[in-house]
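S.K.: okay, sequence plus prediction incoming.
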Amino acid sequence: MRNSLIRSGYGTIGTKILFAITLLLLWGMSAYSQCAGQNNSVTICNKFDDISNRNFDLFANLNGMPSPGGSWSTPNPANLSALDINTGIVDLWMVNRFGEHQFIYTNGNCGESATVTLFLGGYAGEDNVDGSANACSDDSAVNMFSFLGSLVDEVVPDFNGLWEEDPMTLTGFLSGNLFNAEAAGPGEYIFTYTVPAVDACPGAQSTIFLEVHAAPNSGIPSNLVVCTTDDLSGYTNFNLNSLLIGEDPNGTWSEGITNQIDNLTDNIINVEEINAIHGFGVYSFIYTVSPTHPVCPESYSEVFIVILPTLNGSLDATNYCVGTDYEVTLDYDNSILPPGQYELAYRTNSSEGLQDGVAVVALNNGTASFIVSPSLVPINETVQLDIIGIQGTLPEQDVCPNISVQQTTFLVSDPKASGQNICPNNEVEIQLENILDLLGNLSDNVHNIDYTLSLPDNSNLDLSAENVQFLDGSGTFSIPSTHFELPGAYTVDIEVTNSLEMNCLITTAIQVTPIPEEIELDIAVDNNCDATSIDVLVNAPNLPNGSYTIEYEVMEQNTQTSLTDNTINFMGGVAVYGIDIANLPDGDYIVLLKSSQNDSTPCRLQFEFELEESFSIGGIPTVINVESNQSFCLNDGVPTLADITVDTSGNITFYDTLEDNMPLPLNTILVDGEDYFVFSENENDNCSPNERARVTVSLVQASTPISENVTPIYCGIENPMLMDLEVTSTNNGTILWYDTTSGGTPLDPEEVLVDGQSYFASELLDGFCEGGTRLEIVPTVINPPLPDLQSGELLLCGLDNPTVAQLFDLENPIDAIVEWYDVPEGGEPLSSFDPLMDDAIYYAQSYDEDSGCVNLNRVPVAVDLNNCDPEKYGFFIPDAFSPNNDGRNDTYYIPNMEIIFPDFILEIYNRYGNLMFKGDASNKAWNGSGTGNQIAPNGVYFYIIYFNKDNYAPKQGRLYLNR
């Protein structure tokens, strides 16, 4: 047995003899009581050196005289798999912990137990100093046991030894048997594993030389998120490495469907092209870095180019009536938005402020509709509607937040009509409310009204009322009494012309109560100018409850002296009374006829009647001269009958009709388009003309002009004039311009506008009627200042990949926005990401951000990209190349030479002094061939570089060509 030591628990011969004598003495006393044997302890130092030690017989190592048939157990569960509980054979190679181990034998026949205690020496494994211990720097828990060697198969070191770091490579990152290589980093480290002495067994130690290899780092990924409608011209040469942080430079890119990666060194993609070919979506690109040692796995980082779909379209809304659905149509580009269920956030802008709502809409075929909540919409005003957000109802339905949906406007109205119940043959006044003009405002205009009157006999009349004046959306018009002869229910359906088209039903009902019959009185004079006979005519309906009183008399007109009279009382009937005037001298007289009645019949409008007729005997007729059409300006005041011009010698009286006997007061206000009938009689006699003269009245009222924008903004380059101001005459009149609120002389419409000056618009109708209130317009004329630049040139280094953003640093602050162009006129503004070009001229142009007004004068800046410091940019000259067409180092090329030294000359000679190559910025690389394209052999060549810049002296050196 090699270096093996087995010691019994009773280690000396004398002790064993004494023990044997004691057993003999006790045997006769109770042989059966020792059926489990007695405790024993055994020390085994090198359990692996002797194969016989592997399967250790515990039963054979019990003291005393144990009887078979018992069973074995161990208090250490780790040893249970090594123990055969029936035979007592323990596989010591499976007991991987040095120290004390107890195994208990229990014999059920006697109910006794005995313990075999094994003291196992430790095994530290074998040194591993051949460099085969390798770990990766991303492993935070390297198991050091995996590197310990063993001289015997199936043998492993004990687990309960002590791992320590060698002081020469101490890191502090060893915990037990686990080494944190991630914290320690790449390098070589020395570790020892020690098992201590056990009983008489010596301790042992093994040494491990561990090399930690750097783990590949594919970087921390991020994503590029753009919208499919974005200007992606700045992403046509997008470097995928810009989406990584801390990545190793030697990795390769791969991807699935875009075909943007051409080779293993390609890291540039064209996002604009991906969008053009594939549209919106999520596109994966994987960056792979291979390890320098197989102990480390490959490292992968996945970045995503996310092109979001976009809502791009327009809204269309009609005008609505209260009580209907406010359904709005959305037309959108379904090529850039996938179908699905979306939540649309919309916003209304009205006098009640900004109010938001949400509608769930199915977007499938480019057209959809949704209902705007009535609670967000006030009536009788224009409401702006915008889409302010969109969100898919599913998590994967991400949509671009940049929404491009054209705003729409609409309004909701509640036009109303009302009228009173009447008796027959009475005029009805219809009150209209919430009537809007063509601009959607509560009307202050004059409108014509078309209406249909439905009569009780089911007939219909199509009627109209002209020139009805409205104020704050309210107006009234009258339906003539002649249309209400029949008693019963009437319906009026109304349409207001020249008002905002709403398709809202405007209607009201009228009830006509029958009028009872009235007494009919008449005075028949055969000739009012020279009368010869007068009859009093009475036709009175019978009164069931009441009676009539009829009185008539003839009076002298000037003195009011009664010449004759009579009184009659009766219940009803027809009567004719002749008045004797044969004995009256020439002169002027009055016949007065009166009737009164005392009944209470419903709808009785008049209970007393009086009829008067003037006549003359021997009178002279009166002549009337009057213009039949006369116009009046309401802005000069309210015209009355007294304002109508009439030339006559008699007194003037006006009537509604040719036959009406009720004269109108002279202070009666004139109605536009109304006919008035003038009668003239001489107060000295009753010889009035046989006919009345007709006068048709036209009323004109100039309004204050209107404008949707009283503070318009113009660009100075447009040379705006008064005629460019957007002002409307609501009555199709002429607009006059003044520079004062009242008075003054009209201005020339071609007068050029002055910034901030007030101009006043007045409406002139029919050449004589001018409004009294003028509309003030204050225009703003914007002329942006020229760009103020610090220099006319910009010196940069092309290796910094300068962009248009560097031009911004030249700008001094001005009250305008500056854009950059690469042409002196026209063109498109450059993006801040656009790369600058060497020896190019760029132009700064200013514009006003709020109005968009542009100053067309551009300021030039010259750009030079050859200002590079070689030391700053790591300039170096290679000393070898291998033109073997393997795709790597096939040409001799000095990196960035043409940028740092644009005028350089490179000469390459062989060792015989023959010129092999002469290069410059247009011919930068030598392919390893000489004159006549002969292949240059391997060997040393010599170069001379003429930098031709500043004070850089020519440089000589040598290079090695190896194919």
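M.R.: Done, it's in.
S.K.: was I right about P749 contacting V727?
M.R.: No. Contact between P749 and V727 fails when scored by C-beta atoms under 8 Å: they sit 11.0 Å apart. Bear in mind the C-beta positions are built from the backbone N, C-alpha and C, glycine included.
S.K.: who has more neighbours out of the two?
M.R.: Neighbour count, other C-beta atoms under 10 Å: between P749 and V727, V727 has more, with 21 against 13.
S.K.: residue contacts, the more buried one?
M.R.: Shown in contact with V727 (C-beta atoms under 8 Å, 6 or more residues apart in numbering): 705-707, 735, 761, 775, 777.
S.K.: buried among these? Make that a PyMOL selection.
M.R.: Here is the PyMOL command that selects only those of the contacts of V727 that count as buried (16 or more other C-beta atoms under 10 Å):
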select buried, resi 705+706+735+761+775+777
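S.K.: what sits against R692?
M.R.: Counting by C-beta under 8 Å, 6+ apart, R692 makes contact with 655, 658, 677-679.
S.K.: need the residues you listed in TSV (columns: distance to P480).
M.R.: Shown next, in TSV, are the contacts of R692 (distance: C-beta to C-beta, whole Å):
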residue	distance to P480
Y655	16
L658	16
F677	16
V678	21
F679	22
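S.K.: need these in a markdown table with secondary structure, can you?
M.R.: Formatted as a markdown table, the contacts of R692 follow (DSSP: H, G, I helix; E, B strand; the rest coil):
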| residue | secondary structure |
| --- | --- |
| Y655 | strand |
| L658 | coil |
| F677 | strand |
| V678 | strand |
| F679 | strand |
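S.K.: report the buried members of those.
M.R.: Buried among those (16+ other C-beta under 10 Å): 655, 677-679.
S.K.: report the beta-bridge partners for the closest residue to E612 other than its chain neighbours.
M.R.: Excluding its sequence neighbours, the residue lying closest to E612 (C-beta to C-beta, 6 or more residues apart in numbering) is L592, at 5.3 Å. According to DSSP bridges, the partner residues bridging L592 are E553, E612.
S.K.: would you mind measuring from L592 to T564?
M.R.: Per C-beta to C-beta, to the nearest Å, L592 is found 11 Å from T564.
S.K.: who's more crowded, the two?
M.R.: Each of L592 and T564 has its neighbours counted (other C-beta under 10 Å); L592 has more, 17 against 13.
S.K.: wait, isn't that one in contact with Q557?
M.R.: No. In this structure, L592 is not within contact of Q557 by C-beta under 8 Å, at 11.0 Å.
S.K.: would you mind listing the buried residues in stretch 516-528?
M.R.: 518-519, 521, 523, 525, 528.
S.K.: go through the residues you listed and flag which are in strands.
M.R.: In this view, the buried residues of stretch 516-528 that belong to strands under DSSP state E are 521, 523, 525.
S.K.: leaving out sequence neighbours, find the closest residue to the first one.
M.R.: Leaving aside its chain neighbours, L521 sits nearest to L611 (4.7 Å; criterion: C-beta to C-beta, 6+ apart).
S.K.: okay, the one you found: pLDDT?
M.R.: Note for L611: predicted pLDDT of 88.
S.K.: ok, what's across the strand from V538?
M.R.: Bridge pairing for V538 - DSSP bridges - gives L521, A575.
S.K.: out of the buried ones among the contacts of R692, the closest to P621 would be?
M.R.: Proximity of the buried ones among the contacts of R692 to P621 (C-beta to C-beta) peaks at F679, which lies at 12.4 Å.
S.K.: the closest one contacts T653, correct?
M.R.: Yes. The criterion here is C-beta under 8 Å, and F679 meets it with T653 at 4.7 Å.
S.K.: what touches both of the two?
M.R.: Shared contacts of F679 and T653 (C-beta under 8 Å, 6+ apart): P663.
S.K.: hang on, V525 packs against A531?
M.R.: Yes. Under the criterion of C-beta under 8 Å, V525 makes contact with A531 at 5.1 Å.
S.K.: OK, contacts around S206?
M.R.: So S206 contacts 124-128, 148-149, 157, 192-193 (C-beta under 8 Å, 6+ apart).
S.K.: assign it to helix, strand or coil.
M.R.: strand.
S.K.: which strand residues bridge it?
M.R.: Y193.
S.K.: what's the answer for the one 5 residues further on, then?
M.R.: E211 forms beta bridges with N134, E188, as assigned by DSSP bridges.
S.K.: one more: E681?
M.R.: Following DSSP bridges, E681 is listed with bridge partners N651.
S.K.: gap between T482 and P424?
M.R.: For T482, the distance to P424 equals 10 Å [C-beta to C-beta].
S.K.: compare those two and say which is more crowded by neighbours.
M.R.: The neighbour comparison of T482 against P424 (other C-beta under 10 Å) goes to P424, with 16 against 8.
S.K.: isn't that one up against H483?
M.R.: No. In this structure, P424 is not within contact of H483 by C-beta under 8 Å, at 10.2 Å.
S.K.: got the phi/psi numbers for V90?
M.R.: phi -120, psi 130 (degrees, to the nearest 10).
S.K.: that one - how many residues pack around it?
M.R.: V90 has 24 nearby residues by other C-beta under 10 Å.
S.K.: got it, and I220?
M.R.: When counting by other C-beta under 10 Å, one arrives at 11 neighbours for I220.
S.K.: identify the residues contacting the nearest residue to it once chain neighbours are set aside.
M.R.: Leaving aside its chain neighbours, I220 sits nearest to I245 (4.4 Å; criterion: C-beta to C-beta, 6+ apart). By C-beta under 8 Å, 6+ apart, I245 lies in contact with 219-220, 222.
S.K.: how far away is I245 from S600?
M.R.: 103 Å.
S.K.: please apply the same query to L264.
M.R.: Distance of L264 to S600, given as C-beta to C-beta: 114 Å.
S.K.: which of these two has more neighbours?
M.R.: For L264 and S600, the more surrounded residue by other C-beta under 10 Å is L264, and the numbers stand at 12 against 9.
S.K.: now that one. Its backbone dihedrals?
M.R.: With angles defined as degrees, to the nearest 10, L264 sits at phi -70, psi -20.
S.K.: I figured it hits G251, correct?
M.R.: No. Contact criterion C-beta under 8 Å: L264 and G251 do not qualify, at 9.5 Å.
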